[in-house]
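Asker: Pasting the sequence and the predicted coordinates here, then a few questions.
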Amino acid sequence: MPTPDNRHQAIICIAGPTASGKSASVLAIAQRWPIEIINVDSATIYKGMDIGTAKPSKAEQAQTPQHLLDIRDPAQTYSAAEFTRDAARLIIAIQARGRIPVLAGGTMMYYKALREGLNELPAACTQVRQELDNFARQHGWPALHAELAKVDPVTAARLAHNDSQRVQRAMEIYRISGKPMSAFLQQPAEKAGEFPYRTISLEPENRLDLHARIALRFDQMLEKGFVQEVKQLKQRPDLHADLPSIRCVGYRQIWTHLNGEYDLPAAREKAIAATRQLAKRQITWLRAQPDRTRIDCMANNAVEQVIDAIAPDMDAALQSISQK
């Protein structure tokens with residue numbers, strides 16, 4: 001097998017908010033260049049969660065190799081640190097096979113960890129997490145956020161009151177170590193690998209257009225059987241609403257609907273609203289990246305613009321491979 005040294009070849013990243021058309025762009029890229037896709041998505045990692053995550057279909061997966069899909073059971077967790085190690089390993093392995101790695105997805109925390117590195121934080125503790133979950137169920141996540149503000153005001157100031165996953169993790173770190181998360185984050189970060197990246201950012205010129213697409217896509221998920229998918233997950237005694245998998249946008253709202261807390265039309269509205277908020281956070285992160293190439297995801301020729309933007313880098317990578 002060839003082992004090209006492509007350490008200086010830019011790694012293409014197709015990023016964008018949810019429903020921005022990342023999958024369509026990646027599949028078009030695969031028709032032109034010999035790529036393998038590394039999915040940058042904290043939801044499609046879970047087995048049995050296909051409809052609500054808009055996971056690539058089996059036919060789409062068959063078109064080109066895709067990595068980091070279906071690698072965890074919904075009862076398990078997957079950290080940003082694990083992603084960085086897996087992604088760095090995959091980049092090297094794909095290049096060694098004489099193919100071109102392309103990162104694609106919307107989990108911005110994964111992109112940040114891969115590019116900037118991670119601070120070494122205490123490992124998760126099941127007992128502490130359970131204690132925090134119990135507190136949140138009894139008093140609510142804003143109350144736990146208030147507790148965090150007492151011991152780590154720096155971290156609390158940058159987290160939303162209802163950001164359950166991050167508030168829980170920050171409190172967990174303090175409970176385990178006795179040190180605030182902000183103190184750990186002041187230490188130098190460690191990177192899993194040194195790669196240059198080229199980000200193509202699919203963003204809407206008009207956010208209302210993206211909102212309409214988000215609503216349409218969620219309705220299509222419902223038509224495909226999303227409620228039944230969540231029902232099947234809910235039948236498992238080892239799954240509960242506080243797991244990262246069930247906290248995923250859409251799953252959380254349908255799960256709560258199945259608990260009888262509100263009807264399906266209300267669940268639909270809540271899920272769409274939560275997805276819009278997710279898209280807003282994703283866009284905010286992307287706009288802070290100074291080196292991105294921005295393309296209007298709602299443009300009729302958005303895919304063609306993506307192809308044109310990356311063609312020089314992809315052709316250079318292909319030429320490098322052919323010379324080995």
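Answerer: Received, thanks. Values in this document were obtained by computation on a predicted structure and should not be read as measured data.
Asker: Any regions of the stretch 1-150 of the chain where pLDDT drops low?
Answerer: Residues of the stretch 1-150 of the chain that meet the criterion pLDDT under 70 lie in 1-8.
Asker: if you set the cut-off to 90 instead, what comes out?
Answerer: Within the stretch 1-150 of the chain, the stretches with pLDDT under 90 are 1-10, 58-60, 63, 79, 81, 115-126, 129-130, 133, 137.
Asker: dump the residue contacts of the residue nearest the centre of the chain.
Answerer: Centroid-nearest residue in the chain, with Cα atoms, centre = their mean: T107, separated by 2.3 Å. Counting by Cβ atoms under 8 Å, 6 or more residues apart in numbering, T107 makes contact with 40-43. Glycine gets a C-beta too; all of them are placed from N, C-alpha and C.
Asker: Would you check which pair of those lies furthest apart?
Answerer: Among the contacts of T107, the pair separated by the greatest distance (Cβ to Cβ) is V40 and A43, at 10.9 Å.
Asker: Near Q66, how many other residues are there?
Answerer: Residues lying near Q66 (other Cβ atoms under 10 Å) number 21.
Asker: Isn't it up against E36?
Answerer: Yes - under the criterion of Cβ atoms under 8 Å, Q66 makes contact with E36 at 7.4 Å.
Asker: In this protein, what residue spans correspond to helices?
Answerer: Here the chain has its helices, by DSSP state H, at 22-30, 58-63, 80-96, 108-116, 126-139, 141-151, 153-158, 164-177, 181-185, 207-224, 226-234, 251-258, 264-287, 302-322.
Asker: Output those helices in CSV; the columns should cover distance to G52 and mean neighbour count.
Answerer: Converted to CSV, the helices of the chain look like this (distance: least, Cβ to Cβ, whole Å; neighbours: other Cβ atoms under 10 Å):
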stretch, distance to G52, mean neighbour count
helix 22-30, 15, 20
helix 58-63, 17, 12
helix 80-96, 20, 19
helix 108-116, 19, 20
helix 126-139, 22, 14
helix 141-151, 22, 17
helix 153-158, 28, 15
helix 164-177, 17, 20
helix 181-185, 30, 17
helix 207-224, 6, 16
helix 226-234, 5, 18
helix 251-258, 5, 21
helix 264-287, 9, 17
helix 302-322, 24, 17
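Asker: Report the residue ranges of every domain in the chain.
Answerer: Using automatic domain parsing, the domain parsing of the chain gives 11-118+190-322, 126-185.
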